[in-house]
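Undergrad: model this:
(one chain, ligands or ions: 1)
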Amino acid sequence: MQNLDELSSEILSAVEAADTTDALEAVRIDALGKKGRISLMMRELGGMDPEERKTAGQTLNTVKDTIAAAIETRQAALSRIALDARLAAEAVDVSLPSRPETEARLHPLSRTIEEVVAIFAEMGFTVAEGPDIESDYYNFTALNIPEEHPARQEHDTFYLPPDEEGRRKVLRTHTSPVQIRTMEVTEPPVRIIVPGRTYRSDHDATHSPMFHQCEGLVIGDGIHMGHLKGCLIDFCRAFFGVDDLPVRFRPSYFPFTEPSAEVDIGCTRDGGGLKIGAGDDWLEILGSGMVNPRVLANCGYDPEKYQGFAFGMGIERIAMLKYGIPDLRTFYDSDLRWMRHYGFLPFDAPSIHAGLVGGTV
Ligand code: PHE
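TA: Predicted structure coming up:
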């Protein structure tokens, strides 16, 4: 027992010297573990006479507690050191300027979708989505395009191989099936827009077999053609950034809307150039109409109670018009020089307040 002081200070300096959690644990086991030096001394107490055992026991317990406390303090210090080292190693200098010239660009299609979503979000629309591979029912039948309807041929549909029962799925030819999917599971009022990929077997300077549309659907009590017109005129003016942009509604036909209207915006064409705004010419940019009562009934809505309007537009088309991109096929070439020219800075998010005309660099 005479060298207990010595042993204690030896252990305490070992605790201080331990510079990793593992080293500290080794010191702890060597002192306080089952076969540790202090524990073995504790065991010897049993052989002493009662008086001696009492004083020696007290002394040993004090030493044991001191060592345990020192280990705990050292453990806390080591954790702090480890954390400091990690923070230093992972430090990010947030004051460093960004280097936009080395950044990637946002594709004009992504940008255009963001702009369309921003405008309609401001009007209270939410974004809905549906699958690219559709059943014949959602893509055609529920939209009042029955078998043998000429519109089926016009859609240049890509069919998948038939299943055991001879049913063929299709690559959706428009975003309109999401109208049906939404109405089936939602009670009116409905106010959605649906950006997404669509497919038709067609390929030239203005058609691509895969392209993008954005659908819109509004259903409620007392919705009429005036709402359709107001909504789409506001959209066209906000999207093209022209406050007095002329917008014209031309009678048309879609099986799923009645009446139907195609929407044109004013423009001028002189010397090969195209300028959007008041002029003597028109450009078609949207299909629209009041939802056909048969479509409402197909989705379980009472057409006597609810009315609505729907519209659909080609994203590539409005992107080409707004940003002066002459050839549709270049959208899918993944040509970095094209992206550098037509792409957008990823952090330059469009909003009604900050502006919808993206800054290219
Ligand atoms: N689905 C139509 C198309 O692809 C566009 C449209 C949508 C027309 C909704 C009217 C209403 O051409």
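
Undergrad: going forward, measure contacts between C-alpha atoms and count neighbours the same way
TA: Will do.

Undergrad: Outline the domain layout of this structure.
TA: With domains defined by automatic domain parsing, the chain comprises 4-88, 108-342.

Undergrad: export the ones you listed to a markdown table and tack on mean neighbour count and distance to H353?
TA: Converted to a markdown table, the domains of the chain look like this (neighbours: other CA atoms under 10 Å; distance: least, CA to CA, whole Å):
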| stretch | mean neighbour count | distance to H353 |
| --- | --- | --- |
| domain 4-88 | 15 | 38 |
| domain 108-342 | 17 | 10 |
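
Undergrad: and those domains as CSV, adding mean pLDDT?
TA: Listed next are the domains of the chain as CSV, based on pLDDT from 0 to 100:
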stretch, mean pLDDT
domain 4-88, 91
domain 108-342, 94
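
Undergrad: a markdown table for those, including distance to P350?
TA: Output for the domains of the chain, formatted as a markdown table (distance: least, CA to CA, whole Å):
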| stretch | distance to P350 |
| --- | --- |
| domain 4-88 | 35 |
| domain 108-342 | 6 |
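
Undergrad: Looking at the ones you listed, spot the one closest to the ligand.
TA: Nearest of the domains of the chain to the ligand, taken as CA to the nearest ligand atom: domain 108-342 at 3.6 Å.

Undergrad: Run the chain-centre distance for the closest one.
TA: 21 Å (CA atoms, centre = their mean, to the nearest Å).

Undergrad: what about it, start to end distance?
TA: 7 Å (CA to CA, to the nearest Å).

Undergrad: quick one on the thing from earlier: okay if I get the domains of the chain as JSON lines plus distance to the ligand?
TA: As requested, the domains of the chain are exported to JSON lines (distance: least, CA to the nearest ligand atom, whole Å):
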{"stretch": "domain 4-88", "distance to the ligand": "54"}
{"stretch": "domain 108-342", "distance to the ligand": "4"}
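
Undergrad: For I352, which of those is the nearest?
TA: domain 108-342 (6.6 Å; CA to CA).

Undergrad: in which helix or strand would I find M41?
TA: Taking DSSP states H and E as the criterion, M41 maps to helix 37-44.

Undergrad: list the helices and strands that helix packs on?
TA: Identification of packing neighbours for helix 37-44 by 3 or more CA pairs under 8 Å, 6 or more residues apart in numbering; DSSP states H and E yields helix 21-32, helix 50-89.

Undergrad: hmm, 7 Å instead?
TA: Applying 3 or more CA pairs under 7 Å, 6 or more residues apart in numbering; DSSP states H and E, we find helix 37-44 packed against helix 21-32.

Undergrad: Let me know the angle separating the helix it packs on from helix 50-89.
TA: Interaxial angle of helix 21-32 relative to helix 50-89 (axes from the mean of the first three to the mean of the last three CA atoms, to 10 degrees): 180 degrees.

Undergrad: contact partners of helix 21-32?
TA: A14, V15, A18, G36, R37, I38, S39, Q75, L78 (CA atoms under 7 Å, 6 or more residues apart in numbering).

Undergrad: again, only this time at 8 Å
TA: Helix 21-32 is touched from outside by 11, 14-15, 18, 35-39, 64, 71, 74-75, 78, with contacts defined as CA atoms under 8 Å, 6 or more residues apart in numbering.

Undergrad: now swap in stretch 72-85 and tell me
TA: By CA under 8 Å, 6+ apart, the surrounding residues in contact with stretch 72-85 are V15, E16, D19, T20, T21, L24.

Undergrad: show me the contacts for the fourth one.
TA: With contacts defined as CA under 8 Å, 6+ apart, the neighbours of T20 are L78.

Undergrad: And the helices in this protein?
TA: Counting by DSSP state H, the chain has helices at residues 4-17, 21-32, 37-44, 50-89, 108-122, 136-139, 150-154, 177-185, 225-240, 293-298, 315-323, 336-342.

Undergrad: my read: S176 touches T141, true?
TA: No: here S176 does not reach T141: they are 11.5 Å apart, not a contact under CA atoms under 8 Å.

Undergrad: show me what contacts R197?
TA: With CA under 8 Å, 6+ apart as the criterion, the residues that contact R197 are D132, T175, M210, F211, H212, Q213.

Undergrad: and the helices of the chain as a markdown table, adding distance to P162?
TA: Shown next, in a markdown table, are the helices of the chain (distance: least, CA to CA, whole Å):
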| stretch | distance to P162 |
| --- | --- |
| helix 4-17 | 75 |
| helix 21-32 | 65 |
| helix 37-44 | 79 |
| helix 50-89 | 58 |
| helix 108-122 | 33 |
| helix 136-139 | 11 |
| helix 150-154 | 17 |
| helix 177-185 | 20 |
| helix 225-240 | 39 |
| helix 293-298 | 25 |
| helix 315-323 | 31 |
| helix 336-342 | 39 |
